[in-house]
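[1] I would like the atomic coordinates for the input below:
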Amino acid sequence: MKLSRAHGATQDGRVMVERSDRMWSTGEGNGKPLQYSCLENPMNSMKRQNDRILKEKLPRSVGTQYATGDQWRNNSRKNEGTEPKQKEYPAVDVTGDRSKVRYCKEQYCIGTWNVRSMNQGKLEVVKQEMARMNVDILGISELKWTEMGEFNSDDHYIYYCGQESLKRNGVAITVNKRVRNAVLGCNLKNDRMISVRFQGKPFNISVIQVYAPTSNAEEAERFYEDLQDLLELTLKKDVLFIIGDWNAKVGSQEIPGVTGKFGLGIRNEAGQRLIEFCQENALVITNTLFQQRKRRLYTWTSPDGQHRNQTDYILCSQRWRSSIQSAKTRPGADCGSDHELFIAKFRLKLRKVGKTTTPFRYDLNQIPYDYTVEVRNRFKGLDLIDRVPDELWNEVRDSVQETVIKTIPMAKKCKKAKWLSGEALQIAVKRREAKSKGEKERYKHLNAELQRIA
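    Numbering: from 1, shown residues only. Below you'll find the predicted structure:
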């Protein structure tokens, strides 16, 4: 008996569903495959069953291949003329659509950044860095805006929440046009936390951005109580990300299920409280999952450059830990803050962004006299006696609309004036270059010049 090279079969007889640097899990969820990637081994029960298959040397049935990475040993010559007794074992159909085995093909990037206040000029710089670093969802800490709301800014949409009058704290979530249409809604909790929910497939995705207090124990406990209340409003089946500046150090010691082996520094009291919160809510700290150079681990640098800490974190549901592809800081990004941009790349499925149709806009400042004449003539020809009100209304509406299309010109598109001039944006680029080269004096000079122009 020879093995044909169908989907997943190799020359040496190795049988697999998908062979690359990772395996893909069909997961669970009402009996249907999940559309998320998985780096972990299959379930132990399935592995034991497949091991039994290999030991008994059962031939595969037509149109199926067993989902194992072990080599199939062909002993057909030894058993020539005999037909082994077959047993019923689970098998994976690989003759059909490959999308049934491997769904997830889209990678997204989520990030968090403490910007240390953000005026309108800095907003342009942050959006520019988002585009340059290919960040789809960015959580912002220490916004220092008043009130709360949402607005569109070029190709980005910003949800923000601050205090009523004081420019303190403040958080925001900025999304680009790639994920904008997947937004289901937002919850503007307070000046320290905000959440946005995205439509995913098969499960939706909830992102919470936080800015934790620094040292006050009472204020910190109130922060975690508010955060727990916000979590209670999040559906349990949602894929959950909690991102932001936690003002805590979790350290390098591994905590099973919460942190990996690649943390940074020594854990402090605030870090211990964060770990307890993760244990209570089945969350994992992505910063500690991947081995990186220290430059890619620390998220804050002291003004004199002598001290570096890891205080900004991206937390993810333990159930979806395998969807995280990488997590690291991007020191090359710059917005004039002493914090680094921290990003994580993940593979999940969001709703496709459809094309939006722009409504027609007429130039109401240039209504010609022809419009008045045309409408008057059409109204004179209307029969107003013994008419059904709805029919009369439809006729009047159609007459006005046809006259508008015929006589009033369309409004010309005008580009919105940017908050930062081209000169200011050039200075921002030079400032970023000075940061990457470690030219502190030049960086300070360019930063002061940018603040003056902006």
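[2] burial measure for Y369, as a count.
    8 (other C-beta atoms under 10 Å). In this view, the C-beta of every residue, glycine as well, is placed from N, C-alpha and C.
[3] next up, the contacts around K380.
    Counting by C-beta atoms under 8 Å, 6 or more residues apart in numbering, K380 makes contact with nothing.
[4] what's the pLDDT at it?
    Looking at K380, its pLDDT is 81.
[5] now the helices for the stretch 151-300 of the chain?
    For the stretch 151-300 of the chain, the helices defined by DSSP state H, counting those that start in this stretch occupy 177-180, 217-232, 269-281.
[6] want to throw those helices into TSV with mean neighbour count, distance to D312 and mean pLDDT?
    Shown next, in TSV, are the helices of the stretch 151-300 of the chain (neighbours: other C-beta atoms under 10 Å; distance: least, C-beta to C-beta, whole Å; pLDDT from 0 to 100):
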stretch	mean neighbour count	distance to D312	mean pLDDT
helix 177-180	16	21	93
helix 217-232	14	16	94
helix 269-281	18	12	96
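[7] now do stretch 128-138: distance to the chain's middle.
    In terms of C-alpha atoms, centre = their mean, to the nearest Å, the centre of stretch 128-138 is found 11 Å from the chain centre.
[8] let me see the mean pLDDT of that stretch.
    96.
[9] which residues does that stretch contact?
    108-113, 126, 155-156, 173-176, 178-179, 196, 207, 330, 333-335, 341, 343, 425, 428.
[10] out of these, which are buried?
    Listed as buried from the contacts of stretch 128-138 are 108-113, 126, 156, 173-176, 178-179, 196, 207, 330, 333-335, 341, 343, 425, 428; burial here means 16 or more other C-beta atoms under 10 Å.
[11] among these, which are located in strands?
    Judged by DSSP state E, the subset of these located in strands is 108-113, 156, 173-176, 196, 207, 330, 341, 343.
[12] pick the one among those closest to G149.
    Nearest to G149 among those: I173, at 12.5 Å, using C-beta to C-beta.
[13] okay, now the domains of the protein?
    1-105, 107-347, 364-407 (automatic domain parsing).
[14] to E433, which of these lies closest?
    Going by C-beta to C-beta, the one of those nearest E433 is domain 107-347, 8.8 Å.
[15] and the end-to-end length of the closest one?
    One end of domain 107-347 sits 5 Å from the other (C-alpha to C-alpha, to the nearest Å).
[16] what's the answer for stretch 187-207, then?
    10 Å.
[17] just stretch 335-342 next, same as before
    Start-to-end, stretch 335-342 (C-alpha to C-alpha) is 13 Å.
[18] likewise stretch 326-344?
    Per C-alpha to C-alpha, stretch 326-344 runs 5 Å from first to last residue.
[19] run the chain-centre distance for it.
    16 Å.
[20] now for K345: which residues touch it?
    Q107, Y108, C109, I110, I324, Q325, S326, A327.
[21] let's go with 10 Å and repeat that
    K345 makes contact with 107-111, 134-136, 286, 323-328, according to C-beta atoms under 10 Å, 6 or more residues apart in numbering.
[22] what pairs with it across the strands?
    Beta-bridge pairing for K345 (DSSP bridges): C109, S326.
[23] what does S195 give?
    N187, I208.
[24] phi, psi for the residue of the chain positioned farthest from its centre please.
    What lies farthest from the middle of the chain is I385; by C-alpha atoms, centre = their mean that is 61.2 Å. Note on I385: backbone dihedrals following degrees, to the nearest 10 are phi -90, psi 130.
[25] any figure for the gap between it and E395?
    From I385 across to E395, the span is 14 Å (C-beta to C-beta, to the nearest Å).
[26] with E340 instead?
    Distance from E340 to E395, counting by C-beta to C-beta: 65 Å.
[27] same question, L450
    Taken as C-beta to C-beta, the span from L450 to E395 is 60 Å.
[28] the more surrounded of the two?
    Ranked by neighbour count (other C-beta under 10 Å), L450 and E395 place L450 first, with 22 against 14.
[29] tell me the SS of the more buried one?
    helix (DSSP: H, G, I helix; E, B strand; the rest coil).
[30] what's the burial count for the residue nearest to it when sequence neighbours are not counted?
    With C-beta to C-beta, 6 or more residues apart in numbering as the criterion, L450 has its nearest non-adjacent residue at 4.8 Å, and that residue is I427. Counted with other C-beta under 10 Å, the neighbours of I427 add up to 21.
[31] G257 now?
    12.
[32] phi, psi of it?
    phi 90, psi -10.
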